[in-house]
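**Q** sequence and predicted model, in that order:
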Amino acid sequence: MGYHYPIDINWSKDEVIDVIGFLTMIEKAYESTIARDDVITAYRKFKRVIPSKSEEKQVLAQFKKESGYSGYHTIKKARESNQKAISMKK
């Protein structure tokens, strides 16, 4: 990993953990396979920290710019999938 996570200095320690947890799930989905339910649970925690859709888009856009991984497409696939695990690998 040669990039930085988008972090707001005003977030609490637990909020930073929740945001990084979700972004880590995105990474895992692109690099291997991840449990669908884990992605959805991590996204719910992420949304408690970042409830605003516009702020969510900014954080995910910044993360995609740094990593090349799309949070939007990952959560979309997790929501639409009937599988127990998902992978974003091509």
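**A** Looks like it arrived, so ask away.

**Q** need the strands for this structure, in chain order.
**A** Listed in chain order, the strands of the chain (DSSP state E) span 34-35, 85-86.

**Q** can these go into TSV with extra columns for mean pLDDT?
**A** Formatted as TSV, those follow (pLDDT from 0 to 100):
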stretch	mean pLDDT
strand 34-35	96
strand 85-86	95
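
**Q** mean neighbour count and distance to residue 60 for those strands - can I get that in a markdown table?
**A** Backbone N, C-alpha and C define where each C-beta goes, glycine included. Listed next are these as a markdown table, based on neighbours: other Cβ atoms under 10 Å; distance: least, Cβ to Cβ, whole Å:
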| stretch | mean neighbour count | distance to residue 60 |
| --- | --- | --- |
| strand 34-35 | 19 | 17 |
| strand 85-86 | 18 | 17 |
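
**Q** save those strands as a markdown table, and put in distance to residue 77 too.
**A** Converted to a markdown table, these look like this (distance: least, Cβ to Cβ, whole Å):
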| stretch | distance to residue 77 |
| --- | --- |
| strand 34-35 | 10 |
| strand 85-86 | 5 |
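
**Q** among those strands, which is nearest residue 67?
**A** Residue 67 sits nearest to strand 34-35 of all the strands of the chain, at 15.1 Å, using Cβ to Cβ.

**Q** could you say what helices and strands that closest one packs with?
**A** Counting contacts by 3 or more Cβ pairs under 8 Å, 6 or more residues apart in numbering; DSSP states H and E, strand 34-35 packs against strand 85-86.

**Q** parallel or antiparallel, list what pairs with the strand it packs on.
**A** Partners of strand 85-86 in the sheet, by DSSP bridges, are strand 34-35 (antiparallel).

**Q** for the strand it pairs with, the distance to its chain's centre please.
**A** Centre-to-centre, strand 34-35 and its host chain are 12 Å apart (Cα atoms, centre = their mean, to the nearest Å).
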